[in-house]
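J.: What shape does this take:
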Amino acid sequence: MATNTIKLLTGNSHPVLAQRVADQLGVPLTPTFITRHPNQEASITIGESVRDEDVFILQSPAPGRVNEGLMELLIMINACKSASARRITAVIPNYPYARQDKKDKARAPISAKLIASMLQMAGCNHVITMDLHASQIQGFFSVPVDNLYAEPSTIRYIKEEIGLENTIIVSPDAGGAKRATSIADRLKLGFALIHKERSRPNQVSRMVLVGDVTGKTAILIDDMADTCGTLIKAADTLIDAGAREVMAMVTHGTLSGNAIEMLNKSRLSRLVVTNTLPTEDKVDRCRILWTLDISPTIAEACRRTHNGESVSYLFSHAPAGSL
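T.: Numbers count the residues shown, from 1 in each chain. Model (predicted):
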């Protein structure tokens with residue numbers, strides 16, 4: 001078993017989540033000083049020695065500041081490498097550029113692969129992330145990647161906060177069917193699928209429901225809510241098909257642009273997002289937005305990694321205190 005203590009660092013992207021993870025681990029956040037030069041270059045100093053330490057750097061680049069958060073992460077990794085850290089684990093609950101995981105048109109970059117190369121070049125030895133948009137992103141790395149799942153916490157939330165009676169799980173598109181069916185199977189609930197057609201990126205033109213939702217509480221399951229157009233249109237489709245109520249559970253609540261205003265006018269009764277991204281400024285503005293805390297899962301993954309224990313337990317179990 002490892003004898004050195006965990007050193008947990010964070011940048012400016014999600015300090016609330018970092019503090020919760022630190023509290024779960026029972027360790028203080030290692031002081032990190034980040035300043036900006038007049039030209040907006042970041043200057044970062046680690047406040048104490050990390051020589052031969054097991055370092056975890058938690059950074060979840062937030063909407064509107066993705067590139068800024070990514071650069072902070074890369075610089076912190078390189079600073080710890082230069083300071084002779086024994087191992088450097090990048091804890092990235094929301095992996096940036098994850099939707100750019102393949103070459104889907106001529107001259108398009110595979111940006112998710114570029115991010116993986118940058119992290120490794122900076123000195124990263126291990127990555128912990130959650131609900132990758134495409135699981136094959138793990139193959140872009142030559143270092144170990146632990147892709148955690150929000151599914152166990154989602155299942156617990158549905159059981160304890162929503163209930164299973166007259167409930168059906170719905171995938172808002174074919175790509176998320178595997179994720180939704182897994183939850184439906186574990187809860188022994190019915191499953192429905194919405195087929196969507198896009199006229200252009202981030203805009204859905206038509207939806208077709210496959211399955212019977214009449215008189216049921218429909219729970220939409222997805223990995224990411226960006227502009228929320230898909231969820232809102234899916235809710236309309238389900239209500240029009242006879243659903244009694246429509247809720248949505250999403251891992252990464254990006255909520256870009258006018259998503260908050262659209263959600264407040266939507267027919268969704270509840271949108272539950274995890275705190276992989278900051279939501280503090282959005283909860284007060286959105287009447288249907290609820291937050292599910294996944295800091296216990298991230299903290300337990302860090303602890304198990306530090307102690308050389310298996311992380312696979314977390315793929316099917318939610319640690320206590322994750323609601």
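J.: Can I get the helix or strand harbouring Thr297 in CSV, CA atoms only?
T.: In this assignment (DSSP states H and E), Thr297 forms part of helix 295-307. Taking Å, rounded to 0.1, in the frame of the first residue of the first chain, the C-alpha atoms of helix 295-307 are listed here in CSV:
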residue,chain,number,x,y,z
SER,A,295,-17.8,14.1,-5.6
PRO,A,296,-18.0,10.9,-3.5
THR,A,297,-17.5,8.8,-6.6
ILE,A,298,-14.5,10.9,-7.8
ALA,A,299,-13.0,10.9,-4.3
GLU,A,300,-13.3,7.2,-4.0
ALA,A,301,-11.7,6.7,-7.4
CYS,A,302,-8.7,8.9,-6.3
ARG,A,303,-8.4,7.0,-3.0
ARG,A,304,-8.5,3.6,-4.7
THR,A,305,-6.0,4.7,-7.3
HIS,A,306,-3.7,6.0,-4.6
ASN,A,307,-3.9,2.7,-2.6
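J.: in that helix, what's buried?
T.: 295-306 (16 or more other Cβ atoms under 10 Å). The way it works is simple: take the backbone N, C-alpha and C, and place the C-beta from them, glycine included.
J.: I'd like the average pLDDT over it.
T.: Helix 295-307 shows a mean pLDDT of 96.
J.: and what of stretch 222-235?
T.: Computed over stretch 222-235, the average pLDDT equals 92.
J.: Run the chain-centre distance for that stretch.
T.: 15 Å (Cα atoms, centre = their mean, to the nearest Å).
J.: And it, end to end?
T.: 13 Å (Cα to Cα, to the nearest Å).
J.: Quick one: residues in contact with it.
T.: Contact with stretch 222-235 is made by 99, 131, 133, 170-173, 176, 179, 194, 196, 202-204, 207, 220, 246, 248-259, 262-263, 266-268, 271, 273, as judged by Cβ atoms under 8 Å, 6 or more residues apart in numbering.
J.: now the residues you listed: which count as buried?
T.: Of these, these count as buried by 16+ other Cβ under 10 Å: 131, 133, 170-173, 176, 179, 194, 196, 204, 207, 220, 246, 248-255, 259, 262-263, 266, 268, 271, 273.
J.: any low-confidence regions in the stretch 201-323 of the chain?
T.: 201-205, 321-323 (pLDDT under 70).
J.: what about the strands in it?
T.: 203-210, 217-225, 245-253, 270-274, 289-292 (DSSP state E, counting those that start in this stretch).
J.: Those: which one's closest to Ile92?
T.: Closest to Ile92 of the strands of the stretch 201-323 of the chain, according to Cβ to Cβ: strand 245-253, at 11.3 Å.
J.: Could you list every helix and strand that that closest one packs against?
T.: strand 217-225, helix 229-240, strand 270-274 (3 or more Cβ pairs under 8 Å, 6 or more residues apart in numbering; DSSP states H and E).
J.: what angle do it and strand 270-274 make?
T.: Going by axes from the mean of the first three to the mean of the last three Cα atoms, to 10 degrees, strand 245-253 is angled at 20 degrees with respect to strand 270-274.
J.: which residues sit against strand 245-253?
T.: By Cβ under 8 Å, 6+ apart, strand 245-253 touches 94, 130-131, 150, 154, 157-158, 162, 217-225, 231, 234-235, 238-239, 267-274, 276-277, 279, 282, 289, 292.
J.: hmm, which of these are the buried ones?
T.: Buried among these by 16+ other Cβ under 10 Å: 94, 130-131, 150, 154, 157-158, 162, 217-225, 231, 234-235, 238-239, 268, 270-274, 276-277, 279, 282, 289, 292.
J.: Walk me through the domains of this protein.
T.: 6-149+295-315, 151-292 (automatic domain parsing).
J.: neighbours of the spatially closest residue to Arg303 that is not a sequence neighbour, just the number please.
T.: Among residues not flanking Arg303 along the chain, Leu25 sits closest, at 6.2 Å (Cβ to Cβ, 6 or more residues apart in numbering). Residues contacting Leu25 under the criterion other Cβ atoms under 10 Å number 19.
J.: Run through the residues that contact Leu25.
T.: Here Leu25 is in contact with 6, 8, 299, 302-303 (Cβ under 8 Å, 6+ apart).
J.: farthest pair in those?
T.: Across those, the longest distance by Cβ to Cβ is 10.8 Å; it joins Leu8 and Arg303.
J.: quick revisit: could I get the strands of the stretch 201-323 of the chain in CSV, plus columns for distance to Glu41?
T.: Below are the strands of the stretch 201-323 of the chain laid out as CSV (distance: least, Cβ to Cβ, whole Å):
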stretch, distance to Glu41
strand 203-210, 36
strand 217-225, 30
strand 245-253, 28
strand 270-274, 32
strand 289-292, 33
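J.: and Ile88, which of those is closest to it?
T.: strand 245-253 (23.7 Å).
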